[in-house]
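J.: give me coordinates for this.
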Amino acid sequence: MQYKFSQLSELDSAILFVWARSEGENDYSNLNLDFDIATLAAEEGFKGKIGQEYVVRALSKPTGKIILVGVGTDSDLKKGSARKAGVLAIRSAKKLRATTIAISTLDGFEDEIIEGLELGNYHFDKYLTKDEDAFDGVKNVELLFAKTTAIDHPQIMAGAINYARDLVNLAPNDLYPESLAASAQEVAKFGNLECKIFDEKELEEKGFNLIMAVGKGSIHQPRLIHLTYKPQGPVTHVVGFVGKGVTFDTGGYNIKPGASMMNMHCDMGGSAAVLGAAKAIAELRPDNVEVHFIVPSAENAIANNAFKPNDIFRGYGGKTVEIHNTDAEGRLILADALAYAQEQGVETLIDLATLTGAAVVALGEYTTGLFSNDDDLVARLQYAGDASGEDLWRMPLTERLDELIDTPFADMKNVGPRWGGAITAALFLKRWVNLDAWAHLDIAGPAFTESEDPLGPKGGTGHCVATLVRFVEGLSKED
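T.: Here you go, the predicted model:
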């Protein structure tokens, strides 16, 4: 969308954000209306609560329709309601087929509003045959803000989230390891990032045997993607983000039931978050922090050469793994990538993956399971998540469960018992990490939504892109 600062003019719609406060605290005087909109809204039960909206047609200029959107109380605003209000505002405008709108000010929350507008205007229609009268969304936004308000940061952030959404929403016949690598190369070229792509020959030669094991059964061969951002000045922090990139997961020989195989193109949500963060960081150019974006990518298919239960492989980190379930493949490719990431000199390492259904059972569909060996890193990630409107909940790394992934035939097996499945998966990854600051984010629940939610439509959510970016920005501002 195109933005400009202006006074209220002749528009399709004007949108005002309303607090859930006592009567008279919301000011509508700048609308120059010939009726009492506050009284009309109150009569219809509009109280400014989160998620409430009220639409009225103005019979006189300057606007055609006026939309009141509730943001709740001051406490609600501090919890991210302004971002959700921005989404609701743009959805209301789209229902009215408004192409140009005006947005009222909400002092101190302008960034969240603009981010919400951009997220709410997102739609994925790549595979739809468009009607001639199809509505393409809002094109122009007039901001009734102070002209000092910067709009580039929220636009960049929302653009990166929407890019991640696009990746997840692509059909699996269009997104596979090679095409994911091609998209990463475009991000690198656009953002002037260093880029290295390992193809199947290099992966085999260098000993990335776990990535190769997962991907060798598919016609689409595995890739390891490595983008690097380096600031112009001195580097005081070196961070690594590793995202699981299983572009489709059949479960392998431990095949998933038919219903469970639907939407398994979203099993690369971790890689989408990492590449989305790369796109944003490349544009925002934070100081002092070098960031490595690493994506192991494979398609878990079934063929005569696919890996099998009881196979044993030596991973890139030197340890051996006995396969007990071919549907526990994500942790295998992450293990190789985590070992590789540590060779890049990272001091802090964070991996993201749609890893376990057990995390969804424990936390529901909207919360990320956060596992870490470092309290300070947990606090930083939770702070970044809160600022982004993304819910991260710390989970335990229960030591007694670690022995449940032991096997007499290899250094470890790739799956534990049913109980505590999200924890044993995290403990498996922990065995490949030799750093004091590591975190694992299990985003199996919030990476994909089956229906419209307060921040976006059905499909990929771009979850954790904003958290990763704000985490880096937090490190950058310290120095």
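
J.: show me what residue 371 is bridged to.
T.: When assigned by DSSP bridges, residue 371 has beta-bridge partners residue 440.

J.: quick one: residues contacting it.
T.: When contacts are counted by Cβ atoms under 8 Å, 6 or more residues apart in numbering, residue 371 touches 394, 395, 396, 397, 423, 426, 430, 439, 440, 441, 442. Any C-beta I mention is one placed from the backbone N, CA and C, and that applies to glycine too.

J.: mind doing that once more with 6 Å?
T.: By Cβ atoms under 6 Å, 6 or more residues apart in numbering, residue 371 lies in contact with 395, 397, 426, 440.

J.: those in strands, which ones?
T.: When DSSP state E defines the strands, the subset of the contacts of residue 371 inside them is residue 440.

J.: show me the shaky parts of the protein.
T.: Within the chain, the segments meeting pLDDT under 70 span 7-12, 21-35, 58-63, 147-149, 479.

J.: okay, the contacts of residue 371 in TSV with neighbour count next?
T.: Formatted as TSV, the entries for the contacts of residue 371 read as follows, by neighbours: other Cβ atoms under 10 Å:
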residue	neighbour count
395	20
397	15
426	29
440	30
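
J.: burial count for residue 451?
T.: Residue neighbour count, defined by other Cβ atoms under 10 Å, stands at 7 for residue 451.

J.: all numbers from here: first residue = 44
T.: Renumbered: residue one is now 44, and that last one reads residue 494.

J.: helix, strand or coil for it?
T.: Classification of residue 494 by DSSP: H, G, I helix; E, B strand; the rest coil places it in coil.

J.: contacting residues around it?
T.: Remark: with contacts taken as Cβ under 6 Å, 6+ apart, residue 494 is in contact with residue 501.

J.: how much space separates it from residue 408?
T.: Residue 494 sits 10 Å away from residue 408, taking Cβ to Cβ, to the nearest Å as the criterion.

J.: look up how far residue 428 lies from residue 214.
T.: Taken as Cβ to Cβ, the spacing of residue 214 relative to residue 428 amounts to 30 Å.

J.: again with residue 183
T.: For residue 183, the distance to residue 428 equals 32 Å [Cβ to Cβ].

J.: comparing the two, which shows the higher neighbour count?
T.: For residue 183 against residue 428, the residue with the higher neighbour count under other Cβ under 10 Å is residue 428, and the figures read 24 against 15.

J.: got a list of contacts for the helix or strand harbouring residue 472?
T.: Taking DSSP states H and E as the definition, one finds residue 472 inside helix 464-473. With contacts defined as Cβ under 6 Å, 6+ apart, helix 464-473 is touched by 374, 377, 398-399, 401-402, 412, 414, 441, 444-445, 447-448, 459, 483, 485.

J.: and it, how far out from the chain's middle?
T.: Here the centre of helix 464-473 is set off from its chain's centre by 21 Å, with Cα atoms, centre = their mean, to the nearest Å.

J.: residues of that helix that come out buried?
T.: Buried residues in helix 464-473, defined by neighbour count with 16 or more other Cβ atoms under 10 Å: 464, 465, 466, 467, 468, 469, 470, 471, 472, 473.

J.: distance to residue 47 for those - can I get that in CSV?
T.: As requested, these are exported to CSV (distance: Cβ to Cβ, whole Å):
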residue, distance to residue 47
464, 51
465, 47
466, 51
467, 54
468, 49
469, 48
470, 53
471, 52
472, 47
473, 50
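
J.: closest to residue 116 among those residues?
T.: Minimum separation from residue 116 among those (Cβ to Cβ) is found for residue 465, which lies at 34.3 Å.

J.: what's the distance between the closest one and residue 229?
T.: From residue 465 across to residue 229, the span is 33 Å (Cβ to Cβ).

J.: confirm residue 135 sits in a strand?
T.: No - when classified by three-state DSSP, residue 135 is found to be helix rather than part of a strand.

J.: any idea how far residue 158 is from the residue lying closest to it once chain neighbours are set aside?
T.: Excluding its sequence neighbours, the residue lying closest to residue 135 (Cβ to Cβ, 6 or more residues apart in numbering) is residue 110, at 4.8 Å. In this structure, residue 110 and residue 158 are separated by 19 Å, where distance is defined by Cβ to Cβ.

J.: who has more neighbours out of these two?
T.: Remark: of residue 110 and residue 158, residue 158 carries more neighbours, 28 against 25, as counted by other Cβ under 10 Å.

J.: after the host helix or strand of that one comes which helix or strand?
T.: Taking DSSP H and E as the definition, residue 158 sits inside helix 153-163. Sequence order places strand 183-186 as the next helix or strand after helix 153-163, per DSSP H and E.

J.: gap between that next one and the chain center?
T.: The gap between where strand 183-186 is centred and where its chain is centred comes out at 26 Å by Cα atoms, centre = their mean.

J.: name the helices or strands packed onto that strand?
T.: Packed against strand 183-186 by the contact rule (3 or more Cβ pairs under 6 Å, 6 or more residues apart in numbering; DSSP states H and E) you find strand 45-48, strand 143-146.

J.: show me what the last one packs onto, helices and strands only.
T.: Contacts of strand 143-146 with other secondary structure elements, assessed using 3+ Cβ pairs under 6 Å, 6+ apart, are made with strand 54-62, strand 183-186.

J.: list the strands paired with it, with their directions.
T.: Looking at strand 143-146 with DSSP bridges, its partner strands are strand 54-62 (parallel), strand 183-186 (parallel).

J.: contacts made by the first one with the rest, please.
T.: By that I understand strand 54-62. Contacts of strand 54-62 with the rest of the structure, by Cβ under 6 Å, 6+ apart, involve 69, 91, 106-114, 128, 132, 136, 139, 141-147, 149.

J.: identify each buried residue in the longest helix along the chain, please.
T.: Among the elements of the chain assigned as helix by DSSP state H, the one spanning the most residues is helix 195-212. Neighbour-count burial for helix 195-212 flags 196-212 (criterion: 16+ other Cβ under 10 Å).

J.: show me where the stretch 294-443 of the chain has strands.
T.: Secondary structure of the stretch 294-443 of the chain (DSSP state E, counting those that start in this stretch): strands located at 332-343, 355-357, 363-365, 391-396, 410-415, 434-437.

J.: a markdown table for the ones you listed, including distance to residue 164?
T.: Compiled in a markdown table, the strands of the stretch 294-443 of the chain are given as follows (distance: least, Cβ to Cβ, whole Å):
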| stretch | distance to residue 164 |
| --- | --- |
| strand 332-343 | 26 |
| strand 355-357 | 46 |
| strand 363-365 | 45 |
| strand 391-396 | 25 |
| strand 410-415 | 25 |
| strand 434-437 | 23 |
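
J.: which one, of those strands, ends up nearest to residue 84?
T.: Using Cβ to Cβ as the criterion, the shortest distance between residue 84 and these is 31.1 Å, found for strand 434-437.

J.: ok, residue 216 to residue 171 distance?
T.: In this structure, residue 216 lies at 16 Å from residue 171, with Cβ to Cβ as the measure.

J.: and the next helix-or-strand element following the longest helix of the chain, which residues are buried?
T.: If you walk from helix 195-212 toward the C-terminus, the next helix or strand you reach (DSSP H and E) is helix 220-234. Of the residues in helix 220-234, those buried under the neighbour-count criterion (16+ other Cβ under 10 Å) are 220, 221, 222, 223, 224, 226, 227, 230, 231, 234.

J.: got TSV for the residues you listed, with distance to residue 381 too?
T.: TSV is the format used below for the buried residues of helix 220-234 (distance: Cβ to Cβ, whole Å):
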residue	distance to residue 381
220	18
221	23
222	24
223	19
224	19
226	22
227	18
230	22
231	21
234	24
